[in-house]
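In: quick one: sequence plus predicted model below, questions after.
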Amino acid sequence: MNFTKLHGLGNDFILLERPTALGLIDAPTAKRLCDRATGVGADGVLEVTDHAGTLTLIIRNADGSRPEMCGNGLRCVGRYLANRGRLPPEGITVATDAGPRHVAADGALITVAMGAVRDLGRHTITAAGEPLVGRWLDVGNPHFVIERPASVADVCRLGPLVEHASTFPAGANVAFVQAGLNQIDATIWERGSGLTGACGSGACAVAVSHWIDVGATGPVTVHQPGGDLVIDGRPDAVRMTGPAVEVFSGQLTDPARRDHG
């Protein structure tokens, strides 16, 4: 089986293209492929099917779980298609578990029309005895945006506790942010993958939370450890723009096999 390794701002993926959705890899296989010591190594697996004119993306996180969608993953799909001359100038619609998303390329940058981001209100989550106030948003997947900066150590300590808080029945991605006028610093703990270089849907949640707080819209640059994403539009029609890079391709002899040495 052929694979392609890509990343969006350091959030890296193994992309597998299949003619149909039959035979999609299971959770244990995804975990083995994402293992950085014994597999290819990645934050997740992107399975793309292009059948009868319908392009579909199924995602597995590094822990084998299946999220509804992934912003950086969608940009990587766009880059994969563009590099093969398969991304029309007007872009293409990709079906995800969270609904269709439109993907287009402009040189090195990929833009995804992320659709509406729904505000589920402000909440206080207590983690390790610390009350964390933030906003719960639905970007097609769940996010909790906490308006305070945090060290990497704090994100790794508090992120998993908030991710699995009882408030979020399906878990949540957790962003710690410090906002300026049109610039936001964010570090995000991703549900199912942990600390990553960047989170595309998380950047959208961060921008919409900021728009709500300041009562305005317009372009916002979200700075993450892996680089910057520009979020534009309005809460009911969010656009995400940033780079995606193809790293290398290879072949899996048997992705379901575990080598016991």
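Out: Great, that's in hand. Please read these numbers as outputs of a predicted model, since none were measured by experiment.
In: so for the host helix or strand of Ala30, what's the average pLDDT?
Out: Element membership of Ala30 [criterion: DSSP states H and E] is helix 27-34. Averaged across helix 27-34, pLDDT comes to 96.
In: what helices and strands are in contact with that helix?
Out: strand 44-51, strand 54-61 (3 or more Cβ pairs under 8 Å, 6 or more residues apart in numbering; DSSP states H and E). (C-beta placed from N, C-alpha, C; glycine too.)
In: check which helix or strand covers Phe248.
Out: Assigned by DSSP H and E, Phe248 belongs to strand 245-251.
In: list the strands paired with that strand, with their directions.
Out: Applying DSSP bridges, strand 245-251 is found paired with strand 2-8 (antiparallel).
In: straight-line length of stretch 175-183, end to end?
Out: End-to-end distance of stretch 175-183 (Cα to Cα, to the nearest Å): 15 Å.
In: determine how far it lies from the middle of the whole chain.
Out: Here the centre of stretch 175-183 is set off from its chain's centre by 19 Å, with Cα atoms, centre = their mean, to the nearest Å.
In: got it, and stretch 77-91?
Out: Put simply, stretch 77-91 sits 19 Å off its chain's centre (Cα atoms, centre = their mean).
In: can you list the residues that contact that stretch?
Out: For stretch 77-91, the external contacting residues (Cβ atoms under 8 Å, 6 or more residues apart in numbering) are 4, 6, 15, 17, 46, 48, 57, 92, 94, 102-105, 110-112, 244-246.
In: again, only using 6 Å
Out: For stretch 77-91, the external contacting residues (Cβ atoms under 6 Å, 6 or more residues apart in numbering) are Leu15, Leu57, His102, Val103, Ala104, Ala105, Ile110, Ala244, Glu246.
In: farthest-separated two in those residues?
Out: His102 and Glu246 (20.7 Å; Cβ to Cβ).
In: quick one, helices of the stretch 51-200 of the chain?
Out: Along the stretch 51-200 of the chain, counting by DSSP state H, counting those that start in this stretch, helices occupy 71-83, 152-163, 200-214.
In: what about Met240, which helix or strand?
Out: Using DSSP H and E, Met240 maps to strand 237-243.
In: buried residues in that strand?
Out: Using 16 or more other Cβ atoms under 10 Å as the test for burial, strand 237-243 gives Val238, Arg239, Met240, Thr241, Gly242, Pro243.
In: and stretch 144-160, how far from the chain's centre?
Out: Centroid displacement of stretch 144-160 relative to its chain, using Cα atoms, centre = their mean, is 17 Å.
In: what about Val77, distance to Gly39?
Out: According to Cβ to Cβ, to the nearest Å, Val77 and Gly39 sit 21 Å apart.
In: so which of these two has more stuff around it?
Out: Using other Cβ atoms under 10 Å, the more surrounded residue of Val77 and Gly39 is Val77, with 29 against 18.
In: show the pLDDT at that one.
Out: As predicted, Val77 sits at a pLDDT of 98.
In: also the one 4 residues further on?
Out: If you check Leu81, the pLDDT there is 97.
In: and if you look at Pro255?
Out: 53.
In: just Gly53 next, same as before
Out: In this model, Gly53 is scored at 77, pLDDT.
In: ok, now which ones touch His123?
Out: For His123, the contact set (Cβ under 6 Å, 6+ apart) comprises Trp136, Thr167.
In: from Val155, how far off is it?
Out: Going from His123 to Val155 by Cβ to Cβ gives 18 Å.
In: pLDDT and distance to Gln224 added to the buried residues of strand 237-243, as JSON lines?
Out: Output for these, formatted as JSON lines (pLDDT from 0 to 100; distance: Cβ to Cβ, whole Å):
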{"residue": "Val238", "pLDDT": "98", "distance to Gln224": "17"}
{"residue": "Arg239", "pLDDT": "98", "distance to Gln224": "17"}
{"residue": "Met240", "pLDDT": "98", "distance to Gln224": "12"}
{"residue": "Thr241", "pLDDT": "98", "distance to Gln224": "14"}
{"residue": "Gly242", "pLDDT": "98", "distance to Gln224": "10"}
{"residue": "Pro243", "pLDDT": "98", "distance to Gln224": "12"}
